[in-house]
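In: next come a sequence and a model predicted from it.
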Amino acid sequence: MTGEKQKIRPEIVAAITAALAAGGQLAASGRITRICRQEQENRWRQAGLMELMRSHNLRWRFGA
């Protein structure tokens, strides 16, 4: 869902803020300005792309 903004529930923001504060990553005067979802890496897709790239591995002969 690229380009599409999604609302994050306030309790999720509170949990992230509490975790950052507890870990010492957020100062008392600090504030969170943006939270973004991180895309998960699809291992099956990655394996398929690697197999496809291996199948296109051509050996070039120069000067033959």
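Out: Cool, got the structure. All values reported here derive from a predicted model rather than from experimental measurement.
In: C-alpha only now, for contacts and for neighbours.
Out: Noted.
In: which stretches in the protein count as helices?
Out: 10-22, 43-55 (DSSP state H).
In: around A22, how many other residues sit close by?
Out: By the criterion of other CA atoms under 10 Å, A22 has 11 neighbours.
In: my bad, V13
Out: For V13, the number of neighbouring residues by other CA under 10 Å comes to 14.
In: now do Q25
Out: Residue neighbour count, defined by other CA under 10 Å, stands at 11 for Q25.
In: how far away is it from E11?
Out: The spacing between Q25 and E11, counted by CA to CA, to the nearest Å, is 19 Å.
In: output the helices of the chain as JSON lines; include the columns mean pLDDT.
Out: Written out in JSON lines, the entries for the helices of the chain read as follows (pLDDT from 0 to 100):
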{"stretch": "helix 10-22", "mean pLDDT": "87"}
{"stretch": "helix 43-55", "mean pLDDT": "86"}
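In: redo these as JSON lines? Include distance to G30.
Out: Formatted as JSON lines, the helices of the chain follow (distance: least, CA to CA, whole Å):
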{"stretch": "helix 10-22", "distance to G30": "9"}
{"stretch": "helix 43-55", "distance to G30": "36"}
